[in-house]
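> Give me the fold of what follows.
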Amino acid sequence: MNATIVLHKRPVGTPVLTDFRTVTEKKPEPGVGEILLKTSYVSVDPYLRGRMNDTKSYIAPFELLQPIKSGIIAKVIESDHPDYKQGETVYGLLDWKEYQTSTGKGITRVDVEKFPPSAYLGILGMPGLTAYLGLSEIGKLTKGETLVVSGAAGAVGTVAGQIGKLMGCRVVGICGSDEKVHMLKTDFGFNEAINYKTTRNMRRAIAATCPKGVDVYFDNVGGPISEAVLAKINKFARIIICGAISLYNETSLPTGLSVQPFLLRSSALMQGFIVSDYEAKFPEAMHQLTEWFSTGKIKQAETIVRGFDQIPQAFIDLFTGKNKGKMVVQI
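Sure, this is the predicted structure:
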């Protein structure tokens, strides 16, 4: 038999386990020109929360009672496809299923002898691409500048901070625990890190850790944290809007600081960023990320949860910060 996780109800506020349901179906068999895949690793990502709402966005919402999709590493169990052999490992945007068939469209073969399989969901996957392209295409870092990263202990943030250090920048991370502060500074070379949960005045903390102001802000969270950073941006600052996890579970549109005065007085750029907009640059980005990773110049941070049935809980745990780096479920 074959377990599948579907969206049972659209979440109201923070998702709960009853928003998901596991159904059992017959294990599929590959048809002519198809391959049978067995799921090995599943990526859970904050952006999936937006797809659970029935609202217009840059990507279509999930349908009720249909499988949820995310980045998945899978092994080819059977093949009737000329380009794929039994035993090979592939990556694709696939269903939350133990087994599924594919025509080969939209999947990519990955080398698990050279790098751990989970790396293709993190530093060598969409999080790595997001960090690299956000900084190179919008941030345009210059040596000596100050880069602030919110959600700095997450999948994208850990990579963005390390790239900033490679570019010769002062890097300040914002995260949610003292343990993560220690990790960012000790393991990933951040110059400073701020625990926003124990910091009473974020504006003062930003001012103290960024004495020359903020030149580039890689924003993964939105909300009050980002408002505090805006108060310290420099002339011609670049603000990369990559995510807004602090707002994803809000049930009403929040009101906050008007950003226009800060952008105007600093002649600053604030730009929303969807990594798929830069697909043409993926090969260039992957080449650089692979070189840095293989030579140890950047490191992977990940939290691995084991068990197919743990996928929904691992996803929910993203919103309480239980992950360090990329959250991955190993099957």
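> C-alpha from now on. contacts and neighbour counts both.
Fine.
> The stretch 101-250 of the chain: strands as residue ranges?
Using DSSP state E, counting those that start in this stretch, the strands assigned to the stretch 101-250 of the chain run over residues 107-109, 146-150, 170-175, 192-195, 214-219, 233-241.
> Contacts only, for residue 159.
123, 127, 128, 131, 132, 298, 299, 300 (CA atoms under 8 Å, 6 or more residues apart in numbering).
> now do 6 Å
Residue 159 makes contact with no residue, according to CA atoms under 6 Å, 6 or more residues apart in numbering.
> Check it and give its pLDDT.
We have a pLDDT of 98 for residue 159.
> what are the ranges of the helices in the stretch 51-200 of the chain?
126-134, 155-166, 178-186 (DSSP state H, counting those that start in this stretch).
> quick one on the thing from earlier: would you point to the one among the strands of the stretch 101-250 of the chain that's packed deepest?
strand 146-150 (a mean of 29; mean count of other CA atoms under 10 Å).
> hang on, the earlier thing: same list, the helices of the stretch 51-200 of the chain, but as JSON lines with distance to residue 76 please.
What follows is the helices of the stretch 51-200 of the chain, written out as JSON lines (distance: least, CA to CA, whole Å):
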{"stretch": "helix 126-134", "distance to residue 76": "22"}
{"stretch": "helix 155-166", "distance to residue 76": "27"}
{"stretch": "helix 178-186", "distance to residue 76": "36"}
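> nearest to residue 233, of those?
Nearest to residue 233, of all these, is helix 155-166, at 16.8 Å by CA to CA.
> just to revisit the earlier point, looking at the helices of the stretch 51-200 of the chain, which is buried most?
Greatest average neighbour count among these goes to helix 155-166 (a mean of 26), per mean count of other CA under 10 Å.
> Alpha carbons only: can I get that helix in PDB?
Taking Å, rounded to 0.1, in the frame of the first residue of the first chain, the C-alpha atoms of helix 155-166 are listed here in PDB:
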ATOM      1  CA  ALA A 155      17.600  27.400   5.600                       C
ATOM      2  CA  VAL A 156      18.000  30.500   3.600                       C
ATOM      3  CA  GLY A 157      19.400  32.800   6.300                       C
ATOM      4  CA  THR A 158      22.300  30.600   7.200                       C
ATOM      5  CA  VAL A 159      23.400  30.500   3.600                       C
ATOM      6  CA  ALA A 160      22.800  34.200   3.100                       C
ATOM      7  CA  GLY A 161      25.000  35.100   6.100                       C
ATOM      8  CA  GLN A 162      27.800  32.900   5.000                       C
ATOM      9  CA  ILE A 163      27.800  34.400   1.500                       C
ATOM     10  CA  GLY A 164      27.900  37.800   3.100                       C
ATOM     11  CA  LYS A 165      31.000  36.900   5.000                       C
ATOM     12  CA  LEU A 166      32.600  35.600   1.800                       C
END
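> Quick one: distance of that helix to the chain centre.
Relative to its parent chain, helix 155-166 has a centroid offset of 12 Å by CA atoms, centre = their mean, to the nearest Å.
> Perfect, I'm done here.
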